[in-house]
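J.: next one to model:
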Amino acid sequence: MKKEEIICTIDHTLLKQDATWDQIRDLCIEGMENGVASVCIPPSFVKQAAEFAGEKLPICTVIGFPNGYQTSMIKVLEAAQAVKNGADEIDMVINIGWVRERRYDDILKEINEVKEACNGKLLKVIIETCLLTEEEKIALCDVVSRSKAEFIKTSTGFAGGGATLADIQLFKKYVTGDTKIKAAGGIKSVSDAEAFLAAGADRLGTSSLLAMLKQEG
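T.: Numbering: from 1, shown residues only. A predicted model of the protein is given here:
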């Protein structure tokens, strides 16, 4: 797979708690220079990043992050403010407790409420696969496919595990309609990225892949 084909799928990510504006600015510069799909950054930096990058780079941010147990109202308000500040894409975390209780109708409702707050911007739904059973993952493939969100996403990277090849293969088998797939976390090499994309991922959330690709030349 050509390097450029991988780079254009990357959500170039910096979500560490101690991230600074200087680091976010450098991330944006790298993103613009290399043609990534987006930069994924904390909500507090969205306005600065959008003003800095202008139309040259999509800005992605996270909602209900990383635990997903905020109320639906707060997630909706977070999403609306992020879009107002210039976010082009929203990655939201679902309520894992609701999954445990099989409150799938509530999860669907919350996703659609957040999507409405996105005002036409792209929505990716993080289901945190490392915390779920296979049965729960399959159920959530159905929920997200029936929702108005564009993507199902594996992980936050903050729950002790990231995407696995088996997760992407399962998503590819069970998502329906136009639902796309984002693998996040667990991408430790260029060969990992190629395998995820070959298995059906449309986006790769990663903080290190771009540097690895540049090292390969």
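J.: any weak-confidence spans in the protein?
T.: In the predicted model of the chain, residues 217 satisfy pLDDT under 70.
J.: what's near enough to touch the spatially most central residue of the chain?
T.: Nearest to the geometric centre of the chain sits residue 91, at 4.6 Å (CA atoms, centre = their mean). Residues in contact with residue 91 (CB atoms under 8 Å, 6 or more residues apart in numbering) are 11, 40, 60-63, 65, 124-126, 153, 182, 205. Placement of C-beta: from N, CA and C, glycine included.
J.: again, but for residue 41
T.: 13-15, 19, 24, 27, 49, 59-61.
J.: for PyMOL, what selects the buried ones among those?
T.: Buried members of the contacts of residue 41, defined by 16 or more other CB atoms under 10 Å, are picked up in PyMOL with:
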select buried, resi 13+14+15+24+27+49+59+60+61
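J.: out of the contacts of residue 41, which comes closest to residue 69?
T.: Nearest to residue 69 out of the contacts of residue 41 is residue 15 (CB to CB; 17.5 Å).
J.: hang on, the closest one is in a strand, isn't it?
T.: No: under the criterion used here (DSSP: H, G, I helix; E, B strand; the rest coil), residue 15 is coil, not part of a strand.
J.: pop out the phi and psi values for it.
T.: Torsion angles at residue 15 (phi, psi; degrees, to the nearest 10) stand at phi -130, psi 20.
J.: please enumerate the strands of this structure.
T.: Secondary structure of the chain by DSSP state E: the strands cover 10-13, 38-41, 59-63, 89-93, 122-126, 151-153, 180-184, 203-206.
J.: so for residue 2, which of the ones you listed sits nearest?
T.: The closest of these to residue 2 is strand 10-13. By CB to CB, the value is 13.6 Å.
J.: of all the contacts of residue 91, which comes closest to residue 191?
T.: Closest to residue 191, out of all of the contacts of residue 91 and judged by CB to CB, is residue 205, at 17.3 Å.
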